[in-house]
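A.B. asks: this is the structure alone, sequence omitted:
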């Protein structure tokens, strides 16, 4: 079983500021904001860190030439640490339950509470709120019976009995 499958708690979230702590990594010491957390593979993508060339094919139908762009690549989560909000240095994280019952992340270095990023309150893919023709605008039409599970012949017989 992979290590990623064993984890239930994640300390690094999308929108957190992290620093590369792996000394052998060419981007050692750089800080950035996490844009993607890949929990299946234990990897994160950090904005502006660990960029590499990505080649795009030409598309003659659209008139686009082939080109090379620099794209952020993933880095293993164990090679990064959260940045302490007080000191600005990388720190390990512990969890603590406050008196009101809320669970928070706490910096091991300074003991400061690390808040959840504001970007998590937004949805990555917004819900569709487009109104369509099938939406009912009149409140009285909502209660109109448009389908009955009783066959029409039975309805006629019931009406005759009344």
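C.D. replies: Nice, thanks for sending it over. Predicted, not measured: the structure shown is a model, and the values here were computed from it.

A.B. asks: what helix or strand is the spatially most central residue of the chain on?
C.D. replies: Closest residue to the average C-alpha location of the chain: residue 124 at 5.8 Å, with Cα atoms, centre = their mean. Taking DSSP states H and E as the definition, one finds residue 124 inside no helix or strand.

A.B. asks: torsion angles phi and psi at residue 77?
C.D. replies: Dihedral angles of residue 77 (phi, psi; degrees, to the nearest 10) stand at phi -60, psi -20.

A.B. asks: now swap in residue 107 and tell me
C.D. replies: The phi/psi pair for residue 107 (degrees, to the nearest 10) reads phi -70, psi 130.

A.B. asks: can you give me the neighbour number for it?
C.D. replies: 21 (other Cβ atoms under 10 Å). Just so you know, the C-beta spots here come from the backbone N, C-alpha and C atoms, and that holds for glycine as well.

A.B. asks: what's the answer for residue 85, then?
C.D. replies: Count around residue 85 with other Cβ under 10 Å applied: 14.

A.B. asks: tell me the spacing between it and residue 112.
C.D. replies: 6 Å (Cβ to Cβ, to the nearest Å).

A.B. asks: in this protein, what spans have low per-residue confidence?
C.D. replies: Within the chain, the ranges that satisfy pLDDT under 70 run 1, 4, 130-148, 162.
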